[in-house]
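Asker: Starting from these lines, generate the structure:
(one chain, ligands or ions: 1)
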Amino acid sequence: MMIDTHCHLSKDDYSNLEEIIHHMDGNIMIVSGADMKMNYEVVELCQKYSNIYGTLGIHPENPEEYTLENKNWIKEQAKNPKIIGIGEIGLDYHYGKENREKQIEIFLDQIELAKSLNLPIIIHSRDADQETFDLLKEHAKGMKFHLHCYSGSAELAKEYLKLGAKFGIGGVVTFKNGRRLQEVVKEVPLTSLLLETDSPYLSPEPFRGHQNEPYNILYVAKKIAEIKEIPFEKVIEQTNQNSISQFDLPIHL
Ligand SMILES: [Zn+2]
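Answerer: This next block holds a predicted model:
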């Protein structure tokens, strides 16, 4: 069994959604929301498929969607045992910092929401490494959180380890120019890694440039095994355990 801890499965992106979901029969997917439309789809998928779990949240690129009404909806949905986290949330300055304050405001508010629900948080951080770290250090003490699609340095990763963070590792680790992430995988203990595809984005080699799907988690695990010079089975076994404890998944290995 494999667990893809972070993917987006929307009808808007996949004409063959049923097919790629069935490709994961016997495996687990954690589907992440980023805006309200995706959040609704996450809830639907969780209802329809026993091997799909979900996380709900508002991504920093969509801060205007974090209204009181939507926040209350998320809170209500979180009573569903298949909703196992708040995310993806965080900071994204890739397109500029004009709405920096708003981003921080909704990030912190969703951290508080997760605390009140006793759920882990799934962090998105782009071009905002240090600031994300500083906010988490101050506000996420004692919480379970993981850096989805981690893109920071190995140095920063060591600081994050002190906070108990986990690291979502995806297709980038297989890229020829994925050195920085390969270094992180080498430095961070296997017990702190989670596997993810971030489908439909970031297909691993040998499918780079094509649409990604959760089953490709296989290639991410293979690459981690190669970097750490350990058996593939060991990577799957340990990261499964990590995912189960991170998200309190009701699965017995
Ligand atoms: Zn994502």
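Asker: Check which residues of stretch 209-224 are buried.
Answerer: Going by neighbour count (16 or more other CB atoms under 10 Å), the buried part of stretch 209-224 is 212-221, 223-224. The C-beta positions use only the backbone N, C-alpha and C, and glycine is treated the same way.
Asker: Quick check, Ala225 in contact with Gln238.
Answerer: No - taking contacts as CB atoms under 8 Å, Ala225 lies outside contact range of Gln238: 10.7 Å.
Asker: ok, which stretches of the stretch 51-200 of the chain are strands?
Answerer: For the stretch 51-200 of the chain, the strands defined by DSSP state E, counting those that start in this stretch occupy 52-56, 83-92, 121-126, 145-147, 166-169, 193-195.
Asker: Out of these, flag the one nearest Val185.
Answerer: Of all the strands of the stretch 51-200 of the chain, it is strand 166-169 that lies closest to Val185, at 6.1 Å by CB to CB.
Asker: same for that closest one, what does it pack against?
Answerer: Contact partners of strand 166-169 among helices and strands, from 3 or more CB pairs under 8 Å, 6 or more residues apart in numbering; DSSP states H and E: strand 145-147, helix 179-187, strand 193-195.
Asker: so can I have TSV of the ones you listed showing mean pLDDT, mean neighbour count and distance to Leu68?
Answerer: Converted to TSV, the helices and strands packed on strand 166-169 look like this (pLDDT from 0 to 100; neighbours: other CB atoms under 10 Å; distance: least, CB to CB, whole Å):
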stretch	mean pLDDT	mean neighbour count	distance to Leu68
strand 145-147	98	26	24
helix 179-187	97	17	38
strand 193-195	98	26	32
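Asker: Output these as JSON lines; include the columns distance to Leu91.
Answerer: Below are those laid out as JSON lines (distance: least, CB to CB, whole Å):
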{"stretch": "strand 145-147", "distance to Leu91": "12"}
{"stretch": "helix 179-187", "distance to Leu91": "19"}
{"stretch": "strand 193-195", "distance to Leu91": "20"}
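Asker: wait, which of the ones you listed is closest to Ile251?
Answerer: Minimum separation from Ile251 across these (CB to CB) falls at strand 193-195, 14.3 Å.
Asker: residue ranges with poor pLDDT in this structure?
Answerer: Nowhere does the chain drop to pLDDT under 70.
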